[in-house]
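K.L.:
How does the following fold in three dimensions:
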Amino acid sequence: MRIHSDPRTEGIVVVVLRGEIDYACEEMLLRCLTSALSSSVRGIAIDLSKVSFWACSSVKVLLATRELAQRHGKTMSLRALSPIVRRVLELSESLHLFTTEPALASPHPDRRPATAAPSQTLAPAPPPPAPDARASAYSSAGSAGTSSPSDSTGVPVGPA
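P.N.:
Numbering: from 1, shown residues only. All right, here's what the predicted structure looks like:
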């Protein structure tokens, strides 16, 4: 997640989310959005164009942030919804509750916005471990439910 101020938005803090947003990162997401909202003058815009997965349960984070913004007289808008985010918001019948807007073109295409502090960085879940090639050589045929390495015919190989 990246958080930056865009001079073209005058007092609006832009929060850029990318990757998978699921139940495991909701608490951190709420803290980051709340922090961005409190540090803004007018409100926040959340760029969702690079989100590849959006858990239905993450909608409540957006709703809580929206409510907080309203209580403090600030705005919260959703910018450039990815297809998956749009679909989840449509299915949850909550899309109409948010102000949506297209993404702004970068004024400095060669310059990246500042990166959030490490405690505010949402990292994608690590990929599952690769299957062990040796594990596939084990046969379930063995005495007392034990497995032993076997060749392609199922005959055990190696020392017993």
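K.L.:
which SSE is Thr65 in?
P.N.:
helix 59-71 (DSSP states H and E).
K.L.:
Could I get the average pLDDT for that helix?
P.N.:
Confidence for helix 59-71, expressed as mean pLDDT, is 97.
K.L.:
And stretch 90-98, by the same measure?
P.N.:
The model assigns stretch 90-98 a mean pLDDT of 96.
K.L.:
who touches it?
P.N.:
Stretch 90-98 is contacted by residues 56, 59, 62-63, 66, 76-78, 86, 89 when judged by CB atoms under 8 Å, 6 or more residues apart in numbering. Using the backbone N, CA and C atoms, a C-beta is placed for each residue, glycine as well.
K.L.:
Go again with 6 Å.
P.N.:
For stretch 90-98, contacts defined as CB atoms under 6 Å, 6 or more residues apart in numbering pick out 59, 78, 89.
K.L.:
can I get these in a markdown table with distance to Ala24 and neighbour count?
P.N.:
Formatted as a markdown table, the contacts of stretch 90-98 follow (distance: CB to CB, whole Å; neighbours: other CB atoms under 10 Å):
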| residue | distance to Ala24 | neighbour count |
| --- | --- | --- |
| Val59 | 16 | 20 |
| Leu78 | 22 | 21 |
| Leu89 | 20 | 22 |
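K.L.:
closest to Val16 among those?
P.N.:
Leu78 (12.0 Å; CB to CB).
K.L.:
and the closest one, that's in a strand?
P.N.:
Yes. Leu78 forms part of a strand when assessed by DSSP: H, G, I helix; E, B strand; the rest coil.
K.L.:
how about Val88, secondary structure?
P.N.:
helix.
K.L.:
and the gap between it and Arg71?
P.N.:
25 Å (CB to CB, to the nearest Å).
K.L.:
In terms of neighbours, single out the busier of the two.
P.N.:
Using other CB atoms under 10 Å, the more surrounded residue of Val88 and Arg71 is Val88, with 22 against 8.
K.L.:
just checking, that one touches Phe53?
P.N.:
No. Look at Val88 against Phe53 with CB atoms under 6 Å: they stay out of range, at 9.3 Å.
K.L.:
check contacts around Val61.
P.N.:
26, 29-30.
K.L.:
hang on, the earlier thing: and the helix holding Thr65, what's buried?
P.N.:
59, 61-62, 65-66, 68-69 (16 or more other CB atoms under 10 Å).
K.L.:
now swap in stretch 14-24 and tell me
P.N.:
Buried residues in stretch 14-24, counting neighbours by 16+ other CB under 10 Å, are found at 14-18, 20-22.
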